[in-house]
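A.B. asks: pasting a predicted model and its sequence here:
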Amino acid sequence: MKKYTLLFLVLLSISGYAQNTINNYKYVIVPEKYSFLKQTDQYKLNTLTKALLQDKGFTAYFDNSDLPNEIANNKCGALTVDVLEKNSMFSTNLTIVLKDCYGKTVLESKQGKSREKEFAVSYNLALRDAFTSISDTPYSYQAAADAQNKPTVATTTNASAPASATTTSVPVSANVPVQSAPVSSGLPATASAAVPAGTVAAANAQPAANATKSALAAESKLAPGTLYAQPTSTGYQLIDTAPKIILSLYKTSVENYFIAGNGTANGIVFKKGDNWVFEYYNNGQLESQKLLIKF
């Protein structure tokens, strides 16, 4: 009988792990440096990874930044991302891997490739190419599933309570301290107030979690048409999400002032107030085009 019970528990554990997907996670931790590069955030590759994950809907943090208590006290509440390089003489090949706190792969991208000769551009294009397979993977954060990753802390009743009082476990939460004092059932789930031991404000917590998720997702989305600025030896390459090089910027002695060209038009890009502007001549007429640039 014990053998059957043990077998059942093993199968149940495997079944639970098989359901572990990116939908279980709200947060992703991004390293400040990848192992195949020599410098921190070299070629802005780590910054680009973070931006792409936020565009996907995750809330991403660098591993050297201050983390919210929700994941600082529970690393299993977040995924970690790594980028792997496969050496090749004629192309740059990158793969993106999302892992849980046990080092198990939750999602692995296709191998992104680029044959550009300039490293800054090649790494950028290869990473974007790899991320297309993650972009195509449906993602919708499920708060209930994420709660399963949180550690629990045991709470007991007061010593003067009847001997029949039971011991309960509640998820650790920075906003829900465990106390013995009662509270009103109408208290919002996000308020920093005490709740009775073992009480779970499920009715209020779910709408609050959904509202927070929507707000964070909205903040992480970049405006349509945004161009990513990737450093080069002479300035920057402005690249869209295709990915495609839209414009080349060349540094000048004046801050926020670049010589620019796209193969068909040459002009200048400069900052005017809070906006970036590309000005050039077209058939003798001065054209002015507003740009959305993410440095």
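C.D. replies: Sure, I can see it.
A.B. asks: show me the domain layout of the chain.
C.D. replies: 14-135, 227-294 (automatic domain parsing).
A.B. asks: pretty sure residue 129 is in a strand, no?
C.D. replies: No - looking at residue 129 with DSSP: H, G, I helix; E, B strand; the rest coil, it is helix, so not inside a strand.
A.B. asks: these two touch, right, it and residue 115?
C.D. replies: No - taking contacts as Cβ atoms under 8 Å, residue 129 lies outside contact range of residue 115: 11.0 Å. C-beta: built from backbone N, CA, C; applies to glycine.
A.B. asks: the more surrounded of those two?
C.D. replies: residue 129 (20 against 11; other Cβ atoms under 10 Å).
A.B. asks: the more buried one: what's it in contact with?
C.D. replies: 94, 110, 112-114, 243 (Cβ atoms under 8 Å, 6 or more residues apart in numbering).
A.B. asks: scan those and report the most crowded one.
C.D. replies: Counting neighbours by other Cβ under 10 Å, residue 94 leads the contacts of residue 129 with 27 neighbours.
A.B. asks: so that one, which of the three states?
C.D. replies: With three-state DSSP as the criterion, residue 94 reads strand.
A.B. asks: for it, list each beta-bridge partner.
C.D. replies: Per DSSP bridges, the residues bridged to residue 94 are residue 85, residue 112.
A.B. asks: what pLDDT is listed against it?
C.D. replies: Predicted confidence (pLDDT) at residue 94: the value is 96.
A.B. asks: residue 105 and residue 131, how far apart?
C.D. replies: Between residue 105 and residue 131 the computed distance is 16 Å (Cβ to Cβ, to the nearest Å).
A.B. asks: no, scratch that, I was asking about residue 33
C.D. replies: From residue 33 to residue 131 the distance is 19 Å (Cβ to Cβ).
A.B. asks: so which of these two has more stuff around it?
C.D. replies: Between residue 33 and residue 131, counting by other Cβ under 10 Å, residue 131 is the more crowded of the two (24 against 16).
A.B. asks: in contact with that one, which residues are there?
C.D. replies: So residue 131 contacts 52, 96, 109, 112 (Cβ under 8 Å, 6+ apart).
A.B. asks: quick check: the last one touching residue 122?
C.D. replies: No - under the contact definition of Cβ under 8 Å, residue 112 does not touch residue 122, with a separation of 10.4 Å.
A.B. asks: helices of this structure, start to end?
C.D. replies: Applying DSSP state H to the chain gives helices spanning 2-18, 45-56, 69-72, 119-135, 143-147, 202-220.
A.B. asks: these: lowest mean pLDDT?
C.D. replies: Among the helices of the chain, helix 202-220 scores lowest, at a mean of 43.
A.B. asks: can you name the residues bridging to the nearest residue to residue 239 once chain neighbours are set aside?
C.D. replies: Among residues not flanking residue 239 along the chain, residue 228 sits closest, at 5.0 Å (Cβ to Cβ, 6 or more residues apart in numbering). Counting by DSSP bridges, residue 228 is bridged to residue 239, residue 294.
A.B. asks: returning to that earlier point: how about the domains of the chain in a markdown table, adding distance to residue 143?
C.D. replies: Below are those laid out as a markdown table (distance: least, Cβ to Cβ, whole Å):
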| stretch | distance to residue 143 |
| --- | --- |
| domain 14-135 | 8 |
| domain 227-294 | 29 |
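A.B. asks: comparing those, which comes out most buried?
C.D. replies: Of all the domains of the chain, domain 14-135 has the most neighbours on average by mean count of other Cβ atoms under 10 Å, namely a mean of 17.
A.B. asks: confidence score at the spatially closest residue to residue 287 that is not a sequence neighbour?
C.D. replies: Once flanking residues are discounted, residue 287 sits nearest to residue 280: 5.6 Å by Cβ to Cβ, 6+ apart. We have a pLDDT of 90 for residue 280.
A.B. asks: enumerate every residue touching residue 280.
C.D. replies: 260, 265-268, 286-287, 289.
A.B. asks: swap the cut-off to 7 Å and go again
C.D. replies: Contact analysis of residue 280 by Cβ atoms under 7 Å, 6 or more residues apart in numbering lists 265-267, 287.
A.B. asks: for residue 228, same thing?
C.D. replies: Contacts of residue 228 (Cβ under 7 Å, 6+ apart): 48, 239, 294.
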